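[1] Return a 3D structure for these sequence lines:
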Amino acid sequence: MKVKRERISSPEIHHAPPAMAVHEIEPDVMVDGRVRYKLDQTESQALVIHCGDPRFQKAFRRFIVEELGLANYTPLIIGGGVHAFGMQAFLPKNFKVLWEQVKYHLKAGDLKQIIIINHEDCHWYEKMKDYRFDIQLPLQGKMDLKKAAMTIWQDFSGVSVRSFWAGIEGDHITFTEIK
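    Alright, predicted model coming up:
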């Protein structure tokens, strides 16, 4: 995947130095010194749920686009990914919020595919030990993928759910499908 990098500076913002930005879409129009981008109205191919850990974001995007072939997807990014499916008894509000988001996106986008990804060395799961000291990592993250898939299938039988585990190997990330 080729990504164009260029310096972005704004004449209206003087308090911060220009930063490197990554553009996945070329700007269409420059108006009044501001870049404007075309609104993408392509239908989403899937709902993708994964953690917001910044160490994994580039790998998640590349995996979703390059390996799964999903050029346009609806991302639902939340700390711990699908942790709330496995922590319903301990954090019922987290589950309620995540489940409402899942239901909304599936119905609003008429989506028939969900991709769920959890990852190794998740700091959110580490934090969950404050609520449930017996969490065994990384086993809990993998079990939550299975619980999430089962819960989704119970309410949305026509939806395809694929679960992946993002593992760390040295300074690389690998993806394994969990069935």
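[2] how much space between the residue of the chain lying at maximal distance from its centre and Leu39?
    The centre of the chain is farthest from one residue, Asp32, which by CA atoms, centre = their mean lies 33.9 Å away. Applying CB to CB, to the nearest Å, the value for Asp32 to Leu39 is 18 Å. For the C-beta atoms, the positions are set from N, CA and C on the backbone; glycine is no exception.
[3] helices and strands around the biggest strand by length in the chain, which ones?
    Taking DSSP state E as the criterion, the chain has its longest strand at strand 160-169. With contacts defined as 3 or more CB pairs under 8 Å, 6 or more residues apart in numbering; DSSP states H and E, strand 160-169 has these neighbours: strand 113-119, helix 139-155, strand 172-178.
[4] from these, which stretch is densest packed?
    Stretch with highest mean neighbour count among these: strand 113-119 (a mean of 24; mean count of other CB atoms under 10 Å).
[5] List the neighbouring strands of that one plus their orientation.
    Sheet pairing of strand 113-119 (DSSP bridges) gives strand 47-50 (parallel), strand 160-169 (parallel).
[6] Give me the angle between that strand and helix 139-155.
    Counting by axes from the mean of the first three to the mean of the last three CA atoms, to 10 degrees, strand 113-119 points 170 degrees away from the direction of helix 139-155.
[7] any residues touching strand 113-119, and which ones?
    Outside strand 113-119, the residues within contact range by CB atoms under 8 Å, 6 or more residues apart in numbering are 45-51, 53, 56, 60, 63-64, 68, 70, 73, 80-83, 102, 106, 141-142, 144-145, 148-149, 152, 159-168, 173, 175.
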